[in-house]
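# Below is the structure, and that's it, no one-letter string:
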């Protein structure tokens, strides 16, 4: 079976779109938790309990359970948490600035593990992505500009060390 480049690219774009749509939900929950001190500990969050690995669709009933389970303090009831996250939603936001990279790679891990039939860990995906991202690409990012601006304002302190 021959896989044409156009088909591969189309499938990759569809996968990325599904990942981002689901990760946005987590991104806004993270943002609401930080902004309103909701105390949701996303380090304790288990994406596999919430995401359908084949479709990457979030199960809202399971999301509620997992968010409340991962709350380190009484964050309020689910309707209140959800309302605070939904109030932050804005189509003008850049989805890649709202999404958390660990959420994206965790969901990708679930999906690829299901497709491959064996575990592909989030850490392996993140390692491979770091290897694929060079210094030249990083220099073009807003993050790099912000770090170098901060370094200029806070001389002699350094964050980036170029080897």
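Cool, the structure landed. For clarity, every value in this text was computed on a predicted model and none was experimentally measured.
# What's the separation between residue 96 and residue 66?
Taking CB to CB, to the nearest Å as the criterion, residue 96 is separated from residue 66 by 23 Å. The C-beta positions use only the backbone N, C-alpha and C, and glycine is treated the same way.
# Between those two, which has more neighbouring residues?
Neighbour count, other CB atoms under 10 Å: between residue 96 and residue 66, residue 66 has more, with 20 against 12.
# Go ahead and confirm the more buried one touches residue 48.
No - between residue 66 and residue 48 there is no contact under CB atoms under 8 Å: 9.7 Å.
# where does the chain have low pLDDT?
Counting by pLDDT under 70, the chain has low-confidence residues at 1-3, 73-76, 163.
# Which parts of it are helices?
For the chain, the helices defined by DSSP state H occupy 5-35, 60-69, 78-88, 95-98, 101-116, 122-132, 135-139, 142-153.
# for the ones you listed, which one sits closest to residue 44?
For the helices of the chain, the distance to residue 44 is smallest for helix 60-69, at 7.5 Å, taking CB to CB.
# That closest one: which residues count as buried?
The neighbour-count check on helix 60-69 (16 or more other CB atoms under 10 Å) flags 63-64, 66-67 as buried.
# can the residues you listed go into TSV with extra columns for distance to residue 155?
Output for the buried residues of helix 60-69, formatted as TSV (distance: CB to CB, whole Å):
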residue	distance to residue 155
63	46
64	48
66	45
67	43
